[in-house]
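**Q** sequence first, then the predicted structure, then my questions.
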Amino acid sequence: QVQLVESGGGLVQAGGSLRLSCAASGRTFSSATMGWFRQPPGKEREFVATFTWSTGTTSYADSVKGRFTISRDNAKNTVYLQMNSLKPEDTAVYYCAVYYQAQYRYWGQGTQVTVSS
């Protein structure tokens with residue numbers, strides 16, 4: 001069984017920073033893609049960033065490019081999302097997920113990020 005646990009969310013003023021963590025347990029995903037998604041209030045869940053462990057390849061949504069950075073710590077089986085220059089429109093529940101067998105199959109419970117103006 002795979003478990004993903006996000007942490008690091010909270011309330012921050014516009015222009016501030018937060019770092020989200022996603023700790024994976026239950027099995028290792030040494031070559032898997034792990035992603036961050038978010039669901040703003042009243043909207044659909046949307047892609048934020050992905051990281052492929054084996055190649056170090058990253059990708060970002062246009063809305064966060066240059067402000068957010070995804071990274072990983074292999075030893076801790078953890079993926080991070082550093083969020084800088086936060087905007088009120090970044091307010092959402094943030095989820096991490098693991099891409100496995102052709103889909104994002106495993107999801108965390110989410111962590112709330114609220115950016116005040």
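**A** Done, it's in. In this text, all values refer to a predicted model and were calculated from it rather than measured experimentally.
**Q** so what's the residue nearest to the spatial centre of the chain up against?
**A** By C-alpha atoms, centre = their mean, the chain has its centre lying nearest to Trp36, at 2.9 Å. By C-beta atoms under 8 Å, 6 or more residues apart in numbering, Trp36 lies in contact with Leu20, Cys22, Val48, Ala49, Thr50, Ile70, Val79, Leu81, Tyr94, Tyr95, Cys96, Ala97. All C-beta spots, glycine's among them, are computed from the backbone N, C-alpha and C.
**Q** quick one: average pLDDT of stretch 88-102?
**A** Averaged across stretch 88-102, the pLDDT comes to 95.
**Q** low pLDDT regions in this protein?
**A** Along the chain, segments meeting pLDDT under 70 span 28-31.
**Q** was I right to think Asp73 contacts Tyr80?
**A** Yes. Applying C-beta atoms under 8 Å as the test, Asp73 and Tyr80 come out as touching, 7.3 Å apart.
**Q** out of those two, which sits in the more crowded spot?
**A** Set Asp73 next to Tyr80 and count neighbours by other C-beta atoms under 10 Å: Tyr80 wins out with 19 against 11.
**Q** identify the residues contacting the more buried one.
**A** Arg19, Leu20, Ser21, Cys22, Ile70, Ser71, Arg72, Asp73.
**Q** where's the closest residue to Phe37 other than its chain neighbours relative to Val113, distance?
**A** Nearest non-adjacent residue to Phe37, counting by C-beta to C-beta, 6 or more residues apart in numbering: Tyr95, 4.9 Å away. Separation of Tyr95 from Val113 (C-beta to C-beta, to the nearest Å): 11 Å.
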